[in-house]
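Undergrad: coordinates only, sequence not included:
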């Protein structure tokens, strides 16, 4: 059996020449295509643009208070302090209620707590 070396393929070289010619002169899109793309983009932008909502009178009153959302943390802290204060030293109308909660025996508290929640019951039903 004789072994021969295959000759290099000439068609690959021709194909490389075609690719080089295509890279040298890239095709330009037609002007009417670019105009249609721009027109479609403008109509899409106009459709997505939200109309201005009228500003309510209350909102315009509070427009000067720019930092109002930042006060949420301060309001939460003030509520926490007030809750601790009312729990530790309740005012006279609440003292009977607070004393009843704190002095209730474990049996009374355990009787008012439901050990099975609706979520647990739903899982047991499956």
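TA: Right, received. Where do you want to start? Only a predicted model underlies this, so the values are computations on that prediction, with no experimental measurement involved.

Undergrad: output the below-cut-off pLDDT ranges for the chain.
TA: 1-12, 62-70, 102-116, 125-126 (pLDDT under 70).

Undergrad: please enumerate the strands of it.
TA: Assigned by DSSP state E, the chain shows no strands.

Undergrad: helices of that one, residue ranges please.
TA: With DSSP state H as the criterion, the chain has helices at 10-24, 31-48, 57-61, 72-88, 92-103, 106-112, 118-124.

Undergrad: now do the buried residues in the third one.
TA: Pointing back at helix 57-61 there. Counting neighbours by 16 or more other Cβ atoms under 10 Å, one finds that helix 57-61 has no buried residues. All C-beta atoms are positioned from the backbone trio N, CA, C, and that covers glycine.

Undergrad: quick one: residues in contact with that helix.
TA: By Cβ atoms under 8 Å, 6 or more residues apart in numbering, no residue outside helix 57-61 reaches it.

Undergrad: count the residues that sit near residue 39.
TA: Look at residue 39: counted by other Cβ atoms under 10 Å, it has 10 neighbours.

Undergrad: how close does it sit to residue 46?
TA: Distance, residue 39 to residue 46, by Cβ to Cβ, to the nearest Å: 11 Å.

Undergrad: residue 58 too?
TA: Counting by Cβ to Cβ, the gap from residue 58 to residue 46 is 31 Å.
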